[in-house]
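Peer 1: fold the following, please.
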Amino acid sequence: MLSAPTADYKFLVVKLALRPMQLPDMNLLPALDALLREGSVTGAAAELNVSASAMSRTLGRLRRVVGDPLLVPAGRGLALTPRARELQPRVEAALAGALAALQPPAPVDIAGLEREFVLRTNDAVTVVLGAAVTARVAREAPGVRLRILPEGEEDPADLRDRVDLDIGSLPELPPDVRSEFLYEHRHVAAVRAGSGRARDGGPLTLAEFTSVPHVTVSRKGRSRTVVDECLAELGLSRQVLATVPTHSAACFLALESEVLALLPGEYARHAARVMPLELLEIPLALPTVALGMAWHLRLDSDPGHRWLRAVVADAVRAMTAADR
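Peer 2: Numbers count the residues shown, from 1 in each chain. Below is the predicted model:
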């Protein structure tokens with residue numbers, strides 16, 4: 001029994017079937033359309049701005065390709081054959097389709113857009129940008145749905161088919177992925193308001209920082225971060241009491257325990273507006289963390305996706321202006 005054709009074999013069959021030598025000259029299509037509509041070599045030549053003799057030669061080529069005379073003498077003029085009349089609506093549709101395919105896309109009607117966008121980000125970004133983004137989507141494009149996936153084991157290949165927009169700290173990206181910088185954040189320490197760790201706005205000393213148990217956030221469960229590297233350079237260390245996967249979990253631990261929760265600044269300020277938390281500057285020269293958004297090249301010129309990227313960028317600008 002013969003095995004099923006492989007993908008490579010099928011590709012070879014299709015490639016051989018579409019060899020240029022076997023394809024008709026598509027430049028003949030406008031001439032055929034003009035001849036069938038005008039029913040006249042002279043009229044078709046005038047419409048396409050060519051000489052009558054050139055159009056007559058084109059008609060000869062068309063007769064050989066189609067296998068039909070198409071136009072035949074009828075009194076002092078020409079008449080379409082039955083085959084020509086059969087072809088006329090198909091030629092008009094084919095030419096209209098080809099012209100439409102070669103036109104730039106019409107401006108997208110955002111208000112009438114029916115689409116789901118898949119975004120991937122962490123809970124901190126969702127909290128600080130989510131309300132502004134979803135409010136604008138609901139106002140401008142009620143037919144759009146946002147599906148937000150959590151960060152995990154990110155693979156840039158996901159942007160090719162699974163994820164429309166990645167927002168976060170972006171790794172090195174392949175050449176078929178586009179990206180845009182959004183903002184930078186610095187981490188701060190959050191403690192329960194009124195606790196013995198709160199300093200009433202006073203600076204947190206290194207001694208205090210290292211004497212209090214810490215809660216860190218890592219979706220991969222890593223307890224050692226750049227904080228530990230900075231402390232090690234000073235000959236110091238800290239106690240990491242817990243490593244949790246989300247920033248909201250760190251906030252609730254800080255609310256109910258005598259710990260420091262290390263959080264991105266924008267998220268911490270947002271959380272402190274709705275939770276009894278006090279924020280303290282970390283007494284280390286920690287580097288800032290750059291966040292951006294990334295998407296696949298296939299979506300770079302997509303009108304709906306460009307609108308979504310603008311919505312996210314505008315939400316970032318509003319957020320950073322409010323935090324100044």
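
Peer 1: not counting sequence-adjacent ones, nearest residue to residue 113?
Peer 2: Distance criterion C-beta to C-beta, 6 or more residues apart in numbering; nearest residue to residue 113, sequence neighbours excluded, is residue 141 at 4.9 Å. Just so you know, the C-beta spots here come from the backbone N, C-alpha and C atoms, and that holds for glycine as well.

Peer 1: ok, that neighbour - how many residues close by?
Peer 2: Neighbour count of residue 141, defined by other C-beta atoms under 10 Å: 22.

Peer 1: what about it, distance to residue 195?
Peer 2: 44 Å (C-beta to C-beta, to the nearest Å).

Peer 1: can you give me the buried ones in the strand or helix carrying residue 252?
Peer 2: Residue 252 is located in helix 247-256, with elements delineated by DSSP states H and E. Buried positions in helix 247-256, judged by neighbour count with 16 or more other C-beta atoms under 10 Å: 247, 248, 249, 250, 251, 253, 254, 255.

Peer 1: by contact count, what packs against it?
Peer 2: Of the remaining helices and strands, those touching helix 247-256 by 3 or more C-beta pairs under 8 Å, 6 or more residues apart in numbering; DSSP states H and E are helix 123-140, strand 187-192, strand 214-217, strand 240-244, strand 260-264, helix 265-274, strand 277-280.

Peer 1: need these in JSON lines (columns: mean pLDDT).
Peer 2: Formatted as JSON lines, those follow (pLDDT from 0 to 100):
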{"stretch": "helix 123-140", "mean pLDDT": "95"}
{"stretch": "strand 187-192", "mean pLDDT": "94"}
{"stretch": "strand 214-217", "mean pLDDT": "94"}
{"stretch": "strand 240-244", "mean pLDDT": "94"}
{"stretch": "strand 260-264", "mean pLDDT": "95"}
{"stretch": "helix 265-274", "mean pLDDT": "93"}
{"stretch": "strand 277-280", "mean pLDDT": "93"}
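
Peer 1: walk me through the domains of the protein.
Peer 2: 7-101, 110-185+289-323, 187-280 (automatic domain parsing).

Peer 1: first-to-last residue distance for the shortest one?
Peer 2: The one in question is domain 187-280. Chord length of domain 187-280, first to last residue, is 10 Å (C-alpha to C-alpha, to the nearest Å).

Peer 1: extract the residue ranges of the stretch 1-150 of the chain that are flagged as low pLDDT.
Peer 2: For the stretch 1-150 of the chain, the stretches with pLDDT under 70 are 1-23, 105.

Peer 1: the helices in it, which residues?
Peer 2: With DSSP state H, counting those that start in this stretch as the criterion, the stretch 1-150 of the chain has helices at 7-17, 28-38, 41-48, 52-66, 82-101, 123-140.

Peer 1: can you redo these as JSON lines with distance to residue 237 and mean neighbour count?
Peer 2: Output for those, formatted as JSON lines (distance: least, C-beta to C-beta, whole Å; neighbours: other C-beta atoms under 10 Å):
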{"stretch": "helix 7-17", "distance to residue 237": "56", "mean neighbour count": "10"}
{"stretch": "helix 28-38", "distance to residue 237": "76", "mean neighbour count": "20"}
{"stretch": "helix 41-48", "distance to residue 237": "82", "mean neighbour count": "18"}
{"stretch": "helix 52-66", "distance to residue 237": "82", "mean neighbour count": "15"}
{"stretch": "helix 82-101", "distance to residue 237": "64", "mean neighbour count": "13"}
{"stretch": "helix 123-140", "distance to residue 237": "26", "mean neighbour count": "18"}
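
Peer 1: got those as JSON lines, with distance to residue 149 columns?
Peer 2: Output for the helices of the stretch 1-150 of the chain, formatted as JSON lines (distance: least, C-beta to C-beta, whole Å):
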{"stretch": "helix 7-17", "distance to residue 149": "30"}
{"stretch": "helix 28-38", "distance to residue 149": "46"}
{"stretch": "helix 41-48", "distance to residue 149": "54"}
{"stretch": "helix 52-66", "distance to residue 149": "53"}
{"stretch": "helix 82-101", "distance to residue 149": "34"}
{"stretch": "helix 123-140", "distance to residue 149": "10"}
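
Peer 1: nearest to residue 184, out of the ones you listed?
Peer 2: Residue 184 lies closest to helix 123-140 among the helices of the stretch 1-150 of the chain, at 13.1 Å (C-beta to C-beta).

Peer 1: just the CA coordinates for that closest one, please, in PDB.
Peer 2: Output of helix 123-140 as PDB, limited to C-alpha atoms (Å, rounded to 0.1, in the frame of the first residue of the first chain):
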ATOM      1  CA  ASP A 123      -1.100  41.400  37.000                       C
ATOM      2  CA  ALA A 124       0.700  44.700  37.800                       C
ATOM      3  CA  VAL A 125       0.500  46.000  34.300                       C
ATOM      4  CA  THR A 126      -3.100  44.800  34.100                       C
ATOM      5  CA  VAL A 127      -4.000  46.800  37.200                       C
ATOM      6  CA  VAL A 128      -2.200  50.000  36.300                       C
ATOM      7  CA  LEU A 129      -3.300  50.100  32.600                       C
ATOM      8  CA  GLY A 130      -6.400  47.800  32.500                       C
ATOM      9  CA  ALA A 131      -9.000  50.300  33.600                       C
ATOM     10  CA  ALA A 132      -8.000  53.000  31.100                       C
ATOM     11  CA  VAL A 133      -7.600  50.500  28.300                       C
ATOM     12  CA  THR A 134     -10.900  48.600  28.900                       C
ATOM     13  CA  ALA A 135     -12.800  51.900  29.400                       C
ATOM     14  CA  ARG A 136     -11.600  53.200  26.000                       C
ATOM     15  CA  VAL A 137     -12.300  49.900  24.200                       C
ATOM     16  CA  ALA A 138     -15.800  49.800  25.600                       C
ATOM     17  CA  ARG A 139     -16.400  53.400  24.600                       C
ATOM     18  CA  GLU A 140     -14.800  53.300  21.100                       C
END
